[in-house]
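Engineer: Just a sequence and a predicted model for now, questions to come.
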Amino acid sequence: MSIKNYSRTNPYLSRIKERGLLTGLSSTKKTYHIALEIENGQFPFKVGDSVGILPQNDPEEVEAILRKLGCFGAETIFDSRENAAMLVRDFLLHKANISRVHSPFFKLLKGQDPLLFPENKAKLAEFLHTHTLLNLLEKHPLNDLSHLTKLMPLLPRFYSIANSAHVFPDEIHLTVSYVTYTTNGQVRKGIGSYFLCAYAQESVTPIPIYLQPSNYFTLPADPAASMILVGPGTGIAPYRAFLQERLALNASGRNWLFFGERNRASDFYYETFLTQLESQGRLRLDLAFSRDGPEKIYVQHKMYEERKSLWAWLQEGAFFYVCGDAEEMAKDVDAMLHRIVGEEGSMTEEETRHYIKQLRADKRYLTDVY
Ligand SMILES: Cc1cc2nc3c(=O)[nH]c(=O)nc-3n(C[C@H](O)[C@H](O)[C@H](O)COP(=O)(O)OP(=O)(O)OC[C@H]3O[C@@H](n4cnc5c(N)ncnc54)[C@H](O)[C@@H]3O)c2cc1C
Ligand SMILES: NC(=O)c1ccc[n+]([C@@H]2O[C@H](COP(=O)([O-])OP(=O)(O)OC[C@H]3O[C@@H](n4cnc5c(N)ncnc54)[C@H](OP(=O)(O)O)[C@@H]3O)[C@@H](O)[C@H]2O)c1
């Protein structure tokens, strides 16, 4: 049987085999472990890869939009990106970004309603950041359905693969944080995480996926190489895969994980797996639960506490990985790495920068951040 090349335009249709909360009932967030089923061998992947998923919009929101537009959804429009005619309902469910409207679309609306606020560029950006298509249609009409095709496209969402094919060959595991936030007094749900964590029914809803291979963010080729893994929050996902695979292949290299979340009692993802590895001497584990004490403790603080050992591991050739939040965490971890190298290696700023640049060039400092 030949293996197809699945892609964004030709995705593999998977289904959820199992979905469970990783966070406890007392947690302030919801993070899910999701196992997708794949036919054995039909969706080859390696540890460190991610999957792209093509989510669909919340059908209730789409129905509300159709009501505002005064249409049934069975009308057709021509989608020039797909070069095909589509039912309006399908277009809104699968193709359009209905949670954010960009200024070209706003200008179309404004063309129909000159009183539409705002003119000023900064105010406009803020306005568009906090208004969905439905919010806008509630106050301003859209007279021409074909204008919907000017909405931004609904883009795929990516999730790190959290299992090794050596251990679960016919499954893809994901660690998904269910994104919710409030704007304009309204609770909003992240499109991809809502689709995976709440909307999709186990064994029923097709989940279109394709592989997003990683270039270097994978296990070291040498099974004896040491790894330092920094991954707070959902950044843990690829490391679960790394560790599963190293165990399955009986790799001798040392493994050191820095994991962090909000509260130990409710947010210690994969606790049994990780603590068992630790007690078997297969994993060195440092934990940073940020909201358990009076002061925030983050993974980089734990790195600093362990700076002598961390420096020794680096000098002995360890690979250094960072996965998770790009906005703050990855930058702060990078700054801490610089500080540790500078202090422990007694280096000037320039020597430190050179050392870390070389780590990157040697593909021993690898990041997968988002
Ligand atoms: C390579 C890669 C791997 C990834 N791996 C994982 C993973 O393993 N697990 C995981 O959970 N995620 C992962 N992500 C992130 C994931 O792809 C999605 O970005 C994430 O799930 C959010 O998507 P969403 O569709 O649910 O939210 P969206 O619908 O995209 O909404 C998120 C957006 O909402 C807005 N927003 C969020 N909070 C607020 C707020 N407080 N106020 C105003 N606006 C706000 C922001 O504009 C934000 O960009 C990964 C990303 C990449 C690129
Ligand atoms: N808006 C939402 O509802 C929502 C939900 C989930 C994820 N997200 C986004 O998705 C991405 C990943 O989220 P995630 O669920 O994996 O977890 P996360 O939000 O990255 O948090 C994981 C842990 O990292 C801590 N942290 C915060 N800032 C840090 C920093 N500068 N350095 C080191 N650690 C830091 C957090 O602490 P504290 O939180 O206690 O500061 C928490 O203990 C982030 O970009 C996040 O913003 C948003």
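Structural biologist: Good, I have the coordinates. Ligands and ions are numbered 1, 2, ... in the order given.

Engineer: ok, now how distant is Ser103 from Glu37?
Structural biologist: 42 Å (CB to CB, to the nearest Å). Every C-beta, even on glycine, is put in place using the N, C-alpha and C of the backbone.

Engineer: And the two? Which one has more around it.
Structural biologist: More crowded of Ser103 and Glu37, by other CB atoms under 10 Å: Glu37, with 16 against 13.

Engineer: what's the burial count for the nearest residue to the more buried one once chain neighbours are set aside?
Structural biologist: Sequence neighbours aside, Lys17 is the residue nearest to Glu37 in space, at 4.3 Å (criterion: CB to CB, 6 or more residues apart in numbering). Using other CB under 10 Å, the number of residues around Lys17 comes to 17.

Engineer: Contacts only, for Lys17.
Structural biologist: Lys17 makes contact with Ala35, Leu36, Glu37, Glu171, Glu202, Ser203, according to CB atoms under 8 Å, 6 or more residues apart in numbering.

Engineer: Which of the three states applies to it?
Structural biologist: Assigned by DSSP: H, G, I helix; E, B strand; the rest coil, the conformation of Lys17 is strand.

Engineer: quick one: low-confidence ranges for the stretch 51-200 of the chain?
Structural biologist: Scanning the stretch 51-200 of the chain for pLDDT under 70 picks out no residues.

Engineer: any chance you could map the helices in it?
Structural biologist: For the stretch 51-200 of the chain, the helices defined by DSSP state H, counting those that start in this stretch cover 59-69, 88-94, 103-112, 121-130, 133-139, 191-194.

Engineer: closest one to Thr348 among those?
Structural biologist: Within the helices of the stretch 51-200 of the chain, the stretch nearest Thr348 is helix 121-130; the backing value is 41.4 Å (CB to CB).

Engineer: Give me the domain ranges for the chain.
Structural biologist: Per the record, the chain has its domains at 12-54+157-212, 59-150, 227-369, by automatic domain parsing.

Engineer: Dump these to JSON lines, plus distance to Pro220.
Structural biologist: Formatted as JSON lines, those follow (distance: least, CB to CB, whole Å):
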{"stretch": "domain 12-54+157-212", "distance to Pro220": "11"}
{"stretch": "domain 59-150", "distance to Pro220": "39"}
{"stretch": "domain 227-369", "distance to Pro220": "5"}
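
Engineer: How about the residues of the protein by ligand 1?
Structural biologist: With CB under 6 Å from any ligand atom as the criterion, the chain meets ligand 1 at residues 50, 99, 157-160, 175-177, 179, 181, 183, 190-193, 234, 237, 368, 370.
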